[in-house]
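Trainee: Okay, here's the prediction I keep looking at, along with the sequence it came from:
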Amino acid sequence: MNALLGRLLIYFALAAAASGAVLALTAGARPTEQRTKLARTLGLAFALACLLATLVMVGALLQHDFSVSYVAQVGSLSTPTVITIVSLWSSLEGSILFWAAVLGIYTLFWLRASRDRVDDPRTTSTLGVVLAVGVFFTFLIAAVANPFLDTPAPIPADGPGPNPLLQNHPLMIVHPPFLYLGYVGMTIPFAMAFAALLAGRVGPDWTRSLRHWILAPWAFLTVGILLGGRWAYDVLGWGGYWGWDPVENASFLPWLTATAFIHASMLEERKGLFRGWAMVLVLTTFALTVLGTFMTRSGVFNSVHSFTQSAIGPVFLAFLAVVVLASIVLLAFRIHALEPGREMRSAMSREGAFVINNLLFVVFTFAVLIGTTYPLLKEAFTDRKVSVGGPFFDDFAVPIGIAITFLMGIGPALPWGRATARDAGRILALPTAVGVLTALLFVALGIDHFVTLLALAAAGFAVTVSFRDMFAPVFARRRAHGGGFFDAAGATFRRTRRRNGGQIVHVGVALVVAAIAISNSYQVKTEGVVRPGGSMDVGEYTLVLGGLRAVDDPHRHRQFADFVVYRGGEKLGVLSPAMNHYATSMNPIGTPAVMTGPEHDLYLSLMHLDAQEVGLRAYINPGVMWLWIGGLVMLLGTLVAAWPERRRARSAARETEAVAEGSA
Amino acid sequence: MTVSESQSRAAAQGRPRVSWPVLVIGLIIVVPLIVLLAQGFKYDPRDISSPLIDKPAPDFALQTVDGDREVTLASLKGKPTVINFFSTWCLPCEQEHPMLIAAARAYGDRVNFVGIVFEDTRAKVNQWLDRHGGRGYPVLIDVGGPAAIAYGVYGVPETYFVDARGVIRSKVKGALTFGTLQSQLEAMQ
């Protein structure tokens, strides 16, 4: 029953998306009120059908309805309820259904947000492109990876349960949906850029709206990437948070181009510069999310993330090809139709900094892309398997990262238009001094690695500019109007909210850069075999193995090794890394244990465990906590920047903000 | 302004201007990438080669699950042998088992089929066999896993193809399809 209902809903969604896409795209060219309205109704039908189908699946999972093929594949009576719900995205078919549901949610938001813009043909074309993407995903569900098939008789009484990695850590519950929200969310900016090119018209309003729509998925992607890092850190047990794994790279690539667009769009909005370029970035971002999905779903790349090889790969590749070829052809035909932007007056200006920023991000994107696809290239020509390791990526990621961090300080400090060398020197004197002081401070703390110090100096430099940028207008207002600091701050921040949001994100990025620089160069690692009662030293810590204990959950058997942690004779606590055995998996999966502090983390991971002894890997990871804090600061900044304005206040706020930024 | 006016006029006359640099640069970046990704389908990243290929297959002497008969590899020489490692807790094993039974029926006179149970109990295996197509060939229990270790089993299901002289010719990880089985057997003739 559930299977049939799900199938019907998916077929309905497919039909609605297909007819809606055709109608909306033709109506966009020759708009009539009637056709626009019908297209929007079909969009609504598509969105609701996708959501309903997903709810049917969640219901089937909760009822343990093993007559639905997907439930028979990932369900199990012994799995806890929360895990049963999230097993919706634990396997290929379910994750694509979830994908469609997220696209449905975004479609609903777009329909609502564009209610007062239905006259603009670009609005209707945008819907058309979104629905065209919807056609692909619903087709995929209906024809290639259908989770709603009937289980062939006899229907099993119980199932194997989802992938053990999913059950091993609560972050696995939130990491994938954040990435999906980020990936799928890029559909709307893509559709908006596509529609703008179709119409041959961009303009500051459309760009501002586009940036608004890209901020949400960008923030989801940022959080998703960091949660993925946190998950790797807490679960995989190799002591790190980022391994340049193909799928990690896949999520990082669209993040890079989306970040580049957010900056390029400000040039477009304020100066009318690089209009076509900004559209290229949006189109590329979406293509990279499709590439990323292809990487996880095709089985072409080997990674902790990839699902088994399936028929879905070629279909996804075809979709990717259609997306990029359509984008290129559209760009080639329509880029002239966009009104040409103005000339840039001087390289030594905020515009100049934005351009260099974009160049760096593009180089970064290409380098990561090449590193990720190199193993395929090598195998295609020499038939040998290679893997590209972290050092390759670090070789370019470190210098580009440091350059971007410096630029993050230079850009906002320079004025629009043109600055003389003397102006620039005057403006950058204070941040430079703080940057140098930051480096000296860390030298005093014992850091002597040159590149690390350079990164820290860049972070200090950028943070100074961000704070000055946020607070200088407050002081200026106090000088002009008098009054208390908080009154002035309140009045100023209301006007400069969006800009301050950006600066808060910059502070977060600076923290992330500093944390990466320190944790990568100063990790301490010790390995050894410990017997109960025995001990092992790592850095200033002594770890005494107090004992071993076993815990049986319904779906797994866990063995803990309890280590008492001492520092200088003082007992700090107990860390209990574990080994988990799942009924459905042959290899045990370890769970590391971490003691977190502002200075460093003590990180214990088991290599093996039996009745007599424990193979232990102990790490001291300096500064890692600041990575997560930096991520939270980035999220906070995005929320500040993207918080919806009240409708009436919107246009007034925009004007004053423009004036404020012009004078800053 | 005049530039854009002339452009819109050109567009209105049905002569859309094409930006050749955009088209060419875009295609130069994108087409090789797509071709490269398509190449990827030819390889399986999970294809882990075994050092045992073209080496003599390790011998084993194991009991059958449904009786006390002992089967050794040496006793199977003279005909090619298909050795299938499986267990009841593995889903792909369920998928391939009926096919293996059918294949044993089809090739049984020319090829030996042997199943070796991996990390599982006798009782569970017997139940499982009853549910999934029965036992068309000897199924052996590998208590403590000496055979699995000798063959370097990485994860079940895993199938080894041993030729008539007792040399391992290939191994296949994951669920077998009839097509793969057929081509592997033909390669051993």
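Mentor: It's in.
Trainee: what about the chain, any weak spots by pLDDT?
Mentor: You didn't pick a chain, so chain A it is. In the predicted model of chain A, residues A:28-29, A:31, A:164-168, A:298-310, A:339-342, A:383-390, A:554-555, A:583-587, A:645-664 satisfy pLDDT under 70.
Trainee: Hmm, no, I was thinking of chain B.
Mentor: Ranges of chain B meeting pLDDT under 70: B:1-16, B:42-50, B:189.
Trainee: Could you pull out the strands in it for me?
Mentor: Assigned by DSSP state E, chain B shows strands spanning B:61-64, B:70-72, B:81-86, B:112-117, B:139-141, B:158-162, B:168-173.
Trainee: how about the ones you listed in a markdown table, adding distance to A:Leu511 and mean neighbour count?
Mentor: Just so you know, the C-beta spots here come from the backbone N, C-alpha and C atoms, and that holds for glycine as well. Output for the strands of chain B, formatted as a markdown table (distance: least, CB to CB, whole Å; neighbours: other CB atoms under 10 Å in any protein chain shown):
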| stretch | distance to A:Leu511 | mean neighbour count |
| --- | --- | --- |
| strand B:61-64 | 59 | 17 |
| strand B:70-72 | 64 | 14 |
| strand B:81-86 | 50 | 24 |
| strand B:112-117 | 54 | 25 |
| strand B:139-141 | 57 | 21 |
| strand B:158-162 | 47 | 24 |
| strand B:168-173 | 44 | 19 |
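Trainee: okay if I get those strands as JSON lines plus distance to A:Ala278?
Mentor: Shown next, in JSON lines, are the strands of chain B (distance: least, CB to CB, whole Å):
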{"stretch": "strand B:61-64", "distance to A:Ala278": "67"}
{"stretch": "strand B:70-72", "distance to A:Ala278": "70"}
{"stretch": "strand B:81-86", "distance to A:Ala278": "56"}
{"stretch": "strand B:112-117", "distance to A:Ala278": "61"}
{"stretch": "strand B:139-141", "distance to A:Ala278": "64"}
{"stretch": "strand B:158-162", "distance to A:Ala278": "52"}
{"stretch": "strand B:168-173", "distance to A:Ala278": "47"}
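Trainee: Out of the ones you listed, the one nearest A:Thr126 is which?
Mentor: Nearest to A:Thr126, of all the strands of chain B, is strand B:168-173, at 45.7 Å by CB to CB.
Trainee: Now do the helices in chain B.
Mentor: Assigned by DSSP state H, the helices in chain B fall at B:2-12, B:20-39, B:91-107, B:122-131, B:146-151, B:178-188.
Trainee: how about CSV for the ones you listed, with distance to A:Val102 and mean neighbour count added?
Mentor: Below are the helices of chain B laid out as CSV (distance: least, CB to CB, whole Å; neighbours: other CB under 10 Å):
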stretch, distance to A:Val102, mean neighbour count
helix B:2-12, 37, 12
helix B:20-39, 24, 15
helix B:91-107, 27, 18
helix B:122-131, 38, 15
helix B:146-151, 42, 17
helix B:178-188, 37, 14
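Trainee: Compare those and give me the one nearest chain A.
Mentor: helix B:20-39 (3.6 Å; CB to the nearest CB).
Trainee: Can you list the neighbours in contact with the closest one?
Mentor: A:276, A:291, A:294, A:298, A:300, A:314, A:317, A:320-321, A:324-325, A:327-329, A:331-332, A:335, A:369, A:373, A:376-377, A:379-380 (CB atoms under 8 Å, 6 or more residues apart in numbering or on different chains).
Trainee: Please state the offset of that helix from the chain centre?
Mentor: Helix B:20-39 has its average C-alpha position 33 Å from the chain's average C-alpha position, going by CA atoms, centre = their mean, to the nearest Å.
Trainee: Could you list the buried residues of stretch A:14-34?
Mentor: For stretch A:14-34, burial by neighbour count (16 or more other CB atoms under 10 Å in any protein chain shown) applies to A:14-25, A:27-28, A:31.
Trainee: Could you pull up the residues touching the closest residue to B:Arg105 other than its chain neighbours?
Mentor: Once flanking residues are discounted, B:Arg105 sits nearest to B:Gly136: 5.9 Å by CB to CB, 6 or more residues apart in numbering or on different chains. B:Gly136 makes contact with B:100-102, B:104-105, B:108, B:113 under the criterion CB under 8 Å, 6+ apart.
Trainee: repeat for A:Val368
Mentor: A:249, A:252-253, A:256, A:393, A:397.
Trainee: which of those are buried?
Mentor: Judged by 16+ other CB under 10 Å, buried ones among these: A:249, A:252-253, A:256, A:393, A:397.
Trainee: Among the residues you listed, which one lies nearest to A:Arg201?
Mentor: Looking across the buried ones among the contacts of A:Val368 and measuring by CB to CB, the closest to A:Arg201 is A:Leu256, at 27.5 Å.
Trainee: close enough to count as contact, that closest one and A:Thr365?
Mentor: Yes - the pair A:Leu256 / A:Thr365 is scored as a contact, 4.6 Å apart, by CB atoms under 8 Å.
Trainee: ok, so of the contacts of B:Gly136, who is nearest B:Thr180?
Mentor: For the contacts of B:Gly136, the nearest to B:Thr180 is B:Leu100 (11.6 Å; CB to CB).
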